[in-house]
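J.: Sequence unavailable; structure follows:
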């Protein structure tokens, strides 16, 4: 009993020393953690500033590129207009007087000038695409936009004996002009790349995008809801390996003699859709038609 009492101060002292050591270790750990946190916060702040500077430089570079494309394209229009006009006059006045391959050369000059003007016009549209001011962004009734667009395509639709099926379409955020341009490009492609053995059948429909589909695209916010709009046709289609390539500027899968165009329409469409917070992608089987899929955010009522 006496031995136990004598040992009590030693035990209490040992416990006290042990507690002090634990406290010192804990204090040192907290100090080190706070020090590391301050260093990490400082580095994160520096990285964020570097990122902001890089984004600013990228924005300025993009604006300069857009301005350059606009000015260069605009300035090129005038000399090409003169080439087209004078070659037309030469063709009218001297066509019968040209010898050898002169008539062929003149027609090629005219055709090249016309194609260059078309390329410049499309390049101007591409440089302008997706640049709508925030003040012009509004609720767009896709059904109204597409119905009005189909009226403009009435003759082309009749010439091709095409059948257009239009489902219920949602309202989205953006600009009437931009969405008209998107669906005009898609419909034009469906009519252009139709199969010669059958009349074109084009379906434009919409449904709610499933979460699994939304999760496939890192640029989409998985906590938001999206519309899934599909433009399907029974045309010539294309190989799966070209599904992404067709959205690149000036990329064409067919020669000019087979199908007209500059290869900018789908690039403009992607630029507009992405600017409005969505994605566009294509699916197809060669010879069995194509489906262009557009995913756009739901808007609050």
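T.: Good, I have the coordinates. Note that this is a predicted model, so its numbers are computed, not measured.
J.: CA only for contacts and neighbour counts going forward, please
T.: Will do.
J.: quick one: stretch 51-58 to chain centroid distance?
T.: 21 Å (C-alpha atoms, centre = their mean, to the nearest Å).
J.: Mind listing what's buried along it?
T.: Of the residues in stretch 51-58, none has enough neighbours to count as buried (16 or more other C-alpha atoms under 10 Å).
J.: Please apply the same query to stretch 163-180.
T.: 169, 170, 171, 172, 173, 174, 175, 176, 178, 179, 180.
J.: ok, and what's touching it?
T.: Identification of contacts with stretch 163-180 by C-alpha atoms under 8 Å, 6 or more residues apart in numbering yields 129-130, 132, 136-143, 145-146, 149, 157, 199-206, 227, 229, 272, 276, 296-299.
J.: Out of these, which end up buried?
T.: The neighbour-count test (16+ other C-alpha under 10 Å) marks 129-130, 140-143, 145-146, 149, 157, 200-206, 227, 229, 272, 276, 296-298 as buried among the contacts of stretch 163-180.
J.: In strands, which of the residues you listed appear?
T.: Using DSSP state E, the subset of the buried ones among the contacts of stretch 163-180 located in strands is 140, 141, 201, 202, 203, 204, 205, 206, 227, 229, 296, 297.
J.: buried residues in stretch 105-117?
T.: Of the residues in stretch 105-117, 106, 109, 110, 113, 114, 115, 116, 117 count as buried by neighbour count, 16+ other C-alpha under 10 Å.
J.: does the third one sit in a helix, a strand or a coil?
T.: Under the three-state scheme (DSSP: H, G, I helix; E, B strand; the rest coil), the conformation of residue 110 reads as helix.
J.: ok, it to residue 170 distance?
T.: From residue 110 over to residue 170 the distance is 45 Å, taken as C-alpha to C-alpha, to the nearest Å.
J.: Not counting sequence-adjacent ones, nearest residue to residue 283?
T.: Distances taken as C-alpha to C-alpha, 6 or more residues apart in numbering put residue 291 closest to residue 283, at 5.3 Å, once the chain neighbours are dropped.
J.: Residues in contact with stretch 45-52: which ones?
T.: Contact with stretch 45-52 is made by no outside residue, as judged by C-alpha under 8 Å, 6+ apart.
J.: Can you pull up the most central residue in the chain?
T.: Nearest to the mean C-alpha position of the chain, by C-alpha atoms, centre = their mean, lies residue 270 at 2.7 Å.
J.: what's the pLDDT at residue 134?
T.: As predicted, residue 134 sits at a pLDDT of 53.
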